[in-house]
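J.: Pasting a predicted model and its sequence here:
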Amino acid sequence: MPQKNTHAHKAESYNIGRPYYPQVFYDYLYDELGLAKHIKIADIGSGTGKITKGFLEQGSTVYAIEPDKDMLRVLCNSLVNFPNIIPIESTAENTGIPDNTVDLIFCGNSYHWFDKNLAIPELKRILRDTAHQFNIVIASLGPGKPSAESPLKAGTFIEKTFEYTVHNNYHEYLHGHLSASNTPTPEDDNFKEYGKALKKTFDEQNVNGKVTTKFILHCMIGNINNLTQ
């Protein structure tokens, strides 16, 4: 099935609680891999634009593809000062981007949601024929080790991991947890109890009002023609 709205009613929490990517991630793509800063990028599943912002700051034009209307609203409001963003309310299976347009496809914590039978042909359609040999980045970010499973053929991609720490106050800590697709929303009966449990955990773990979380950003960087699933 096509990509569903997996984070309905989560936009505000997502924007408050989700971390940005570290600058070394962008430095690696543009400096070490040699991607030109003026390239056009399709950020598939852009959310509220927390990762998009880093691409825009490099000077790239970004098509921000996001199926959640609220997420896209927050993205547009927070990135209003960037003329090089093109937000589109759509999915990986039907991006709305013209043929042969983008130089790089980026999927951050989103690729596993796609219907691969529909998404892969669509991603190939929008990719420019003259794109860099490294034209797709599939990234996952979380506090634990990523899955070893790869959608790219073995031996055809670069694997890169970045580790960094984030220090969150209670407000950020709370919304970081509430932003997950499987956590309750205010309409759910267990929402208040869930919040109380998070507050108890924060009170037990914080140091000087902050909880420190180590994040692992795992990236697979390859060529779209080597996607297997």
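T.: That came through, no problem. Just so it is clear, the structure is predicted and the values come from calculations on it, not from any experiment.
J.: okay, CA-based contacts and neighbour counts for the rest of this
T.: Will do.
J.: And the helices in this structure?
T.: Counting by DSSP state H, the chain has helices at residues 11-17, 23-27, 52-57, 69-78, 116-126, 170-178, 191-205.
J.: List the contacts of the longest one.
T.: Judged by CA atoms under 8 Å, 6 or more residues apart in numbering, the contacts made with helix 191-205 from elsewhere in the structure are 170, 173-174, 184-186, 211.
J.: Export the helices of the chain as JSON lines, with columns for mean pLDDT.
T.: Listed next are the helices of the chain as JSON lines, based on pLDDT from 0 to 100:
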{"stretch": "helix 11-17", "mean pLDDT": "88"}
{"stretch": "helix 23-27", "mean pLDDT": "97"}
{"stretch": "helix 52-57", "mean pLDDT": "97"}
{"stretch": "helix 69-78", "mean pLDDT": "95"}
{"stretch": "helix 116-126", "mean pLDDT": "97"}
{"stretch": "helix 170-178", "mean pLDDT": "92"}
{"stretch": "helix 191-205", "mean pLDDT": "94"}
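J.: Which pLDDT does the model give Gln133?
T.: Here, the pLDDT recorded for Gln133 equals 88.
J.: still on that earlier bit, can you say which of the helices of the chain is nearest to Gly144?
T.: helix 170-178 (14.6 Å; CA to CA).
J.: Please name every helix or strand in contact with that closest one.
T.: Here helix 170-178 touches helix 11-17, helix 191-205, going by 3 or more CA pairs under 8 Å, 6 or more residues apart in numbering; DSSP states H and E.
J.: which of the ones you listed sits most buried?
T.: Across those, averaging neighbours per residue (mean count of other CA atoms under 10 Å) puts helix 11-17 on top, at a mean of 20.
J.: re earlier: can I get the helices and strands packed on helix 170-178 in TSV including distance to Val62?
T.: Output for these, formatted as TSV (distance: least, CA to CA, whole Å):
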stretch	distance to Val62
helix 11-17	18
helix 191-205	36
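J.: can you pull the contacts of the residue nearest the centre of the chain?
T.: The centroid of the chain falls nearest to Gly108 when counting by CA atoms, centre = their mean (3.1 Å). Shown in contact with Gly108 (CA under 8 Å, 6+ apart): 43-46, 137-141.
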